[in-house]
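In: Build me a model:
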Amino acid sequence: MKIKGKSAYVVVFLVGFLITAVVAGTYTLRTVSAQNGYEELKTFTEVLSIIKKNYVDEVKTKDLVISALKGMVSSLDPHSAYLTPEALKELKVETKGEFGGIGIQIGIKDGVLTVIAPIEDTPAFRAGIKAGDKILKISGESTKKMEIHDAISKMRGAKGTSVTLTIFREGWKDVKEFTIIRDIIKIKSVKPKMLSDGIGYVKVTQFQESTAKDLSVALNKLQKEGMKSLILDLRNDPGGLLDVAVDTVELFLPPKRLVVYIKNRNDEKREYYTEKSNPFFEEIPMVVLVNQGSASASEIVAGALKDWNRAIILGVQTFGKGSVQSVIPLSDGSGLRLTTAKYYTPNGTMIHNVGITPDIIVKQDPKEHPEVKTKEILKDDKKAEETFSSEMDEKDDLQLQRAIDVLRTWRIFDKMQKKAA
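Out: Residues are numbered from 1 along each chain as shown. Here you go, the predicted model:
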């Protein structure tokens, strides 16, 4: 991966948290420059002093300052946050792929705490939580003014304990409550399977540290099994590491191709390019599946493959999470997650609040789960059955079926061209 720009970001993490996570974009590590000249701090210290002397109950100065910091940063946008030392440590661990919780990613959409995607084979997934669900309460507490990090903390807990989510879903007349038992969430980010007619299928649940490497291994295995075309399923993939998204695109595009670029408040650009000289799967016919739960790094991959005409994007409009968060450690062990830029596809499409528009729009039957799997795909394979949960008939996954049809047509057209030549 090659990065061009006035200065290079050192990527640490991109959101797509695995348990109850925020799809918030790219994380980078930066140093804090000295700040001065803020006359307004005088008022802050005055208020702090008055509260300490006159408030009816005794309060700790540290608690007041932390509350002030949280309020100040959260007022900027839903994805910026002040992180306590404990929260910062959790953030650094979350790309490893094993956590405790219920198994959903969350974000703010239209001012409401919203499920970006449930993670397959987790308590939330099995309970029937779906992408797009609005979380109105967590264990009876309203989420109206709740910070995302606080919501994440409230949904986490020890294995075997429960949390109740009050959910509103489009098409419902009333809210419903889901009581979910927490568990240890283990995430396998790459799930491959051979379909019929030489069509390889790979589900990427999120872009973790090992995802690009695991995807390369999976694709090579499928190729040895006779893969002639590929379906890359990014539905309900909330994102992950930016550099891993770029490494993933490198598997399918030649070197020196722009994958994504970011712009800050000064319109300074930083560009991320493919670098590998010999991509393994540069010419294989390819369809990428996306939906409203595809966000962040997923949108980077889909956007790059679309703009370079490398793959057909099929499904529905993606989530539209395209802002960059820099994680800035502070001297006391706490930190800031601060929105510092937005990212764009190679053709200049801003992803934030827009998303990626598929080449072929195919809506899933709203009565069915957006991540249905098929008995035909599983082929009575016990291992695959453990990997893919909530399997249904292939015909019920309309998006997958359409992708298969596209690749079959692609193959027929390719044969016709070869005969004509």
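In: C-alpha from now on. contacts and neighbour counts both.
Out: Fine.
In: Give me the residue ranges of this protein where confidence is low.
Out: 1-38, 90-99, 277-279, 365-395, 413-421 (pLDDT under 70).
In: tell me the centre residue of it?
Out: With distances taken as C-alpha atoms, centre = their mean, the residue of the chain nearest its centroid is residue 238 (1.8 Å).
In: could I get stretch 44-56 in CSV with only the CA atoms?
Out: C-alpha atoms of stretch 44-56 as CSV (Å, rounded to 0.1, in the frame of the first residue of the first chain):
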residue,chain,number,x,y,z
PHE,A,44,-14.8,27.2,32.6
THR,A,45,-12.5,27.4,35.7
GLU,A,46,-15.0,29.9,37.2
VAL,A,47,-17.9,27.5,36.7
LEU,A,48,-15.8,24.6,38.0
SER,A,49,-14.9,26.5,41.2
ILE,A,50,-18.5,27.6,41.8
ILE,A,51,-19.8,24.0,41.5
LYS,A,52,-17.1,22.8,43.9
LYS,A,53,-18.0,25.4,46.5
ASN,A,54,-21.7,25.6,46.2
TYR,A,55,-23.3,22.5,44.7
VAL,A,56,-25.6,20.7,47.2
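In: List the buried residues of that stretch.
Out: 51-52 (16 or more other C-alpha atoms under 10 Å).
In: mind checking how far the residue nearest to the centre of the chain is from residue 168?
Out: Distance, residue 238 to residue 168, by C-alpha to C-alpha, to the nearest Å: 20 Å.
In: Helix or strand for residue 177, just tell me which one.
Out: Element membership for residue 177 (DSSP states H and E) is strand 176-181.
In: partners of that strand in the sheet?
Out: strand 162-168 (antiparallel) (DSSP bridges).
In: what's in contact with the partner strand?
Out: By C-alpha atoms under 8 Å, 6 or more residues apart in numbering, the residues outside strand 162-168 that reach it are 133-140, 155, 174-182.
In: thinking again about what came up before, now the residue nearest to the centre of the chain. Its backbone dihedrals?
Out: phi -80, psi 0 (degrees, to the nearest 10).
In: show me the contacts for the closest residue to residue 252 other than its chain neighbours.
Out: For residue 252, ignoring the flanking residues on the chain, the nearest one in space by C-alpha to C-alpha, 6 or more residues apart in numbering is residue 282 at 4.5 Å. Contacts for residue 282 were tallied using C-alpha under 8 Å, 6+ apart; they are 251-254.
In: gap between residue 398 and residue 405?
Out: Distance from residue 398 to residue 405, by C-alpha to C-alpha: 10 Å.
In: More neighbours: which of the two?
Out: The neighbour comparison of residue 398 against residue 405 (other C-alpha atoms under 10 Å) goes to residue 398, with 18 against 12.
In: can you map out the strands along the stretch 1-150 of the chain?
Out: With DSSP state E, counting those that start in this stretch, the ranges of strands along the stretch 1-150 of the chain come out as 2-5, 10-14, 20-22, 26-29, 81-83, 98-101, 104-109, 112-118, 134-138, 141-142.
In: Kindly report the same for the stretch 301-421 of the chain.
Out: Counting by DSSP E, counting those that start in this stretch, the strands of the stretch 301-421 of the chain are 312-315, 323-329, 335-344, 360-361, 373-374, 391-392.
In: by contact count, what packs against the fourth one?
Out: Packed against strand 360-361, as judged by 3 or more C-alpha pairs under 8 Å, 6 or more residues apart in numbering; DSSP states H and E, are the following elements: strand 312-315.
In: in its sheet, what does the strand it packs on sit against?
Out: Assessed with DSSP bridges, strand 312-315 is paired to strand 286-290 (parallel), strand 360-361 (parallel).
In: which residues touch that strand?
Out: Counting by C-alpha under 8 Å, 6+ apart, 286-291, 302, 306, 358-364, 399, 403 sit against strand 312-315.
In: Could you turn the buried ones of the residues you listed into a ChimeraX selection?
Out: Buried residues among the contacts of strand 312-315 (16+ other C-alpha under 10 Å), as a ChimeraX selection:
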select :286,287,288,289,290,291,302,306,358,360,362,364,399,403
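In: quick one: buried residues of the strand holding residue 177?
Out: Buried, per 16+ other C-alpha under 10 Å, within strand 176-181: 177-181.
In: Next: stretch 127-137.
Out: 129-137.
In: can you check stretch 143-163 too?
Out: For stretch 143-163, the neighbour count (16+ other C-alpha under 10 Å) marks 143, 146-149, 151-152, 155-157, 162-163 as buried.
In: Between all of those residues, which two are separated the most?
Out: Within those, 147 and 162 form the most distant pair, 20.8 Å apart (C-alpha to C-alpha).
In: Confirm for me that the residue nearest to the centre of the chain is in contact with residue 293.
Out: Yes. Judged on C-alpha atoms under 8 Å, residue 238 makes contact with residue 293 at a distance of 6.3 Å.
In: where do the contact lists of these two overlap?
Out: Common neighbours of residue 238 and residue 293 (C-alpha under 8 Å, 6+ apart) are 116-117.
In: end to end, how far does stretch 290-297 reach?
Out: OK, stretch 290-297 end separation, C-alpha to C-alpha: 12 Å.
In: can you offset everything so residue one is 41?
Out: Sure thing, new numbering starts at 41, so read that last one as stretch 330-337.
In: Name the residues that touch that stretch?
Out: 54-56, 63-66, 156-157, 171-172, 247, 273-282, 285, 342, 353-362, 395, 398.
In: Tell me which of the strands of the stretch 341-461 of the chain lies nearest to residue 228.
Out: strand 413-414 (16.4 Å).
In: Can you tell me who residue 247 pairs with across the strands?
Out: Here residue 247, judged by DSSP bridges, has bridge partners residue 280.
In: Tell me how far residue 257 lies from residue 445.
Out: 26 Å.
In: For stretch 257-267, which outside residues touch it?
Out: 230-234, 238-240, 242.
In: JSON lines for these, including secondary structure, distance to residue 102 and neighbour count?
Out: Listed next are the contacts of stretch 257-267 as JSON lines, based on DSSP: H, G, I helix; E, B strand; the rest coil; distance: C-alpha to C-alpha, whole Å; neighbours: other C-alpha atoms under 10 Å:
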{"residue": "230", "secondary structure": "strand", "distance to residue 102": "43", "neighbour count": "22"}
{"residue": "231", "secondary structure": "strand", "distance to residue 102": "46", "neighbour count": "17"}
{"residue": "232", "secondary structure": "strand", "distance to residue 102": "50", "neighbour count": "22"}
{"residue": "233", "secondary structure": "strand", "distance to residue 102": "53", "neighbour count": "19"}
{"residue": "234", "secondary structure": "strand", "distance to residue 102": "56", "neighbour count": "21"}
{"residue": "238", "secondary structure": "helix", "distance to residue 102": "62", "neighbour count": "17"}
{"residue": "239", "secondary structure": "strand", "distance to residue 102": "58", "neighbour count": "21"}
{"residue": "240", "secondary structure": "strand", "distance to residue 102": "55", "neighbour count": "25"}
{"residue": "242", "secondary structure": "strand", "distance to residue 102": "49", "neighbour count": "21"}
